[in-house]
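Q: sequence first, predicted coordinates after that:
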Amino acid sequence: MSNKIFTHSLPMRYADFPTLVDALDYAALSSAGMNFYDRRCQLEDQLEYQTLKRVPKLVRSGCYR
C-alpha cells in the first residue's frame, strides 16, 4: 500500500518548517513536484518530491545516473 497523498489533501503549512529538508519531506507525502519546460514552453520533465527524496539513497548504493 502506498502512503502517497494527493496534494490537495495535505494541510497547507506556511513557513513552519525548521529546515528545507523538513519541508521537502512533507512535500514528498504528496504528488507535488516541479515541472521543467524548454524554451518553447513545452513540458520537458517532471520531478516529484518523492523522487528527489530517494536520490541520496540511490547515490549511496552506487547509482549515479
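A: Okay, I see it. Model, not experiment: these values are computed from the prediction.
Q: so what's the residue most central in space within the chain up against?
A: By C-alpha atoms, centre = their mean, the chain has its centre lying nearest to Tyr49, at 0.6 Å. In this structure, Tyr49 makes contact with 24, 27-28, 30, 32-33, judged by C-beta atoms under 8 Å, 6 or more residues apart in numbering. C-beta: built from backbone N, CA, C; applies to glycine.
Q: from these, list just the buried residues.
A: Among the contacts of Tyr49, those buried by neighbour count (16 or more other C-beta atoms under 10 Å) are 27-28, 30, 32-33.
Q: count of residues packed around the nearest residue to Gln46 once chain neighbours are set aside?
A: Leaving aside its sequence neighbours, Gln46 sits nearest to Asn35 (C-beta to C-beta, 6 or more residues apart in numbering; 5.5 Å). Asn35 has 9 neighbours, counted by other C-beta atoms under 10 Å.
Q: go ahead and list the helix or strand containing Asn35.
A: For Asn35, the host element (DSSP states H and E) is strand 33-37.
Q: rewinding a little: what score does the residue nearest to the centre of the chain have for pLDDT?
A: If you check Tyr49, the pLDDT there is 85.
Q: now it. Its backbone dihedrals?
A: Dihedral angles phi and psi of Tyr49 (degrees, to the nearest 10) take the values phi -60, psi -30.
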